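> with the sequence up front, the predicted model follows.
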Amino acid sequence: MSPRGTSDSSCIFCKIIKREIPASIIEETPEMIAIRDINAQAPTHALIIPKDHIASIAEADDALELGKLFQKACDIARQERLVDGYRIVINTGDDGGQTVHHLHIHVLGGRRLHWPPG
């Protein structure tokens with residue numbers, strides 16, 4: 001992962017982390033923040049975002065830190081009572097559907113999700 005404290009002044013997620021843009025925060029730790037997606041694609045749509053600016057999972061190099069992000073995604077799914085199932089998604093790069101180039105995990109649930117996703 002990137003050195004602690006890195007951010008990008010043009011990144012919307014970095015601005016949310018710095019409280020320059022409001023967000024509906026679900027949970028926060030020193031390393032990450034979980035927020036509700038303003039463009040929700042399911043009744044529950046949360047984003048788990050590391051506080052250090054990492055452009056995508058392709059640039060992440062710390063397996064332990066990635067594991068913590070995934071664990072937090074599972075914790076949020078439990079908190080949101082997604083007992084019938086949920087989907088965890090990481091979009092990578094423009095062709096992968098990544099619209100904000102700051103690593104983040106989507107947690108989607110609360111309805112039946114179909115495959116393929118799109």
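Good, I have the coordinates.

> the lengthiest helix in the chain packs against which elements?
Across the chain, the helix with the greatest residue count (assigned by DSSP state H) is helix 63-79. Judged by 3 or more Cβ pairs under 8 Å, 6 or more residues apart in numbering; DSSP states H and E, helix 63-79 is in contact with strand 25-28, strand 32-36, strand 44-50, strand 86-89, strand 105-109. For glycine as for every other residue, the C-beta is placed from the backbone atoms N, C-alpha and C.

> and of these, who's closest to D95?
Comparison of those against D95 by Cβ to Cβ identifies strand 86-89 as nearest, at 14.7 Å.

> how about low-confidence regions in this structure?
Applying pLDDT under 70 to the chain flags residues 1-5, 118.

> how about D8: what's its closest non-neighbour residue?
H53 (4.7 Å; Cβ to Cβ, 6 or more residues apart in numbering).

> so the one you found touches S9, yeah?
No - contact status for H53 versus S9: not in contact, 9.7 Å apart, counting by Cβ atoms under 8 Å.

> which one's more surrounded, these two?
More neighbours surround H53 than the other of H53 and S9, with 21 against 9 (other Cβ atoms under 10 Å).
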